[in-house]
Every structure is written in C-alpha cells, then in structure tokens.
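In: build me a structure from this.
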Amino acid sequence: MSLLRCRLQALPSLCLCILGLACIVVCVTTESVSPAPGPESSRWNLVKARVKEMAEPLVTGIRDRWQRFWGPGAFQGFVQTYYEDHLKDLGPRTQAWVQSSRDSLLNKTHSLCPWLLCRDTQG
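Out: Got it, this is the predicted structure:
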C-alpha cells in the first residue's frame, strides 16, 4: 500500500514532466513561421533536431510505461488481488460475525434481566 501512496505523491511531478516534454515535442515538431534564411536559422534547426532526438525516445518510453501501468492486465491483476485478499471469504466471515454478534447480544440481555424473570426453567 505504501508503494501506491508513493506513486500517488509522485503523480503531480510526473504529470508536470510529461506536460513539459509534450510541449517540447510539439514545439520541435511544429514548423516555425518561415524563419529568415541564414546562419541563425540553420543553428535553430540544429537545436530543434537535437532536442527532438533527445526527447522523442524519452517521451516514447514514458508513454509505453504509462500504458503498461494503466493497461487492462495491470488493472485486472489489481482487482483479482483485492478480491482474493478482501472479498473471497466475505460470506463466511459475515455469517460468523452475525452469529457472534447475536450470541453476544443474547448474553448481555440475559445478564441485564432480573434473576426471577429470566431464570432457566431447566435448572
């Protein structure tokens, strides 16, 4: 459970990183508004190409891991584990709880009754 708590605490940071990477990829993949030809434009193209080269594998890896984490297999495994840990024997546990609660309530009721009103007829 603590692993899930750590993941939930890291979720905002992860979302911020993904958003930043997505902005970089969008900026890199979109064409700028016809820059003036010259040495600055060629340097800018080199920077864009380098950023795209570095960011694309990172974004792809994060996307793959994210899909694997939230994929149907992972969710199905979570539900099955939860069922086995908490719900599998719910019926027998509930019946045992009802029986023990009833017995406890009857014992308390008998202890509160006056001796003359609730005395056993067998003894």
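In: any idea how far Ser104 is from Trp97?
Out: As for Ser104, its distance to Trp97 is 10 Å (criterion: CB to CB, to the nearest Å). Bear in mind the C-beta positions are built from the backbone N, C-alpha and C, glycine included.
In: next: Phe75.
Out: 30 Å.
In: what of Met54?
Out: With CB to CB as the criterion, Met54 and Trp97 are 59 Å apart.
In: outline the domain layout of this protein.
Out: Residue ranges for the domains of the chain, per automatic domain parsing: 2-88, 91-123.
In: looking at those domains, which has the lowest confidence?
Out: The weakest mean pLDDT among these belongs to domain 2-88, with a mean of 73.
In: is it true that Ile62 touches Glu56?
Out: No - counting by CB atoms under 8 Å, Glu56 is not a contact partner of Ile62; they are 10.9 Å apart.
In: shared neighbours of those two, which are they?
Out: With contacts defined as CB atoms under 8 Å, 6 or more residues apart in numbering, no residue is shared by Ile62 and Glu56.
In: can you give me the helices in this structure?
Out: Using DSSP state H, the helices found in the chain span residues 2-29, 39-70, 72-82, 90-112.
In: any chance of those in TSV, with mean neighbour count too?
Out: Below are the helices of the chain laid out as TSV (neighbours: other CB atoms under 10 Å):
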stretch	mean neighbour count
helix 2-29	11
helix 39-70	12
helix 72-82	10
helix 90-112	10
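In: restricting to C-alpha, output stretch 56-65 in PDB.
Out: Only the C-alpha atoms of stretch 56-65 are listed here, as PDB (Å, rounded to 0.1, in the frame of the first residue of the first chain):
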ATOM      1  CA  GLU A  56      11.500  11.500 -28.600                       C
ATOM      2  CA  PRO A  57      12.800   8.300 -27.000                       C
ATOM      3  CA  LEU A  58      12.100   9.700 -23.600                       C
ATOM      4  CA  VAL A  59       8.500  10.500 -24.400                       C
ATOM      5  CA  THR A  60       8.000   7.200 -26.100                       C
ATOM      6  CA  GLY A  61       9.400   5.300 -23.100                       C
ATOM      7  CA  ILE A  62       7.200   7.200 -20.700                       C
ATOM      8  CA  ARG A  63       4.100   6.600 -22.900                       C
ATOM      9  CA  ASP A  64       4.900   2.900 -23.100                       C
ATOM     10  CA  ARG A  65       5.400   2.600 -19.300                       C
END
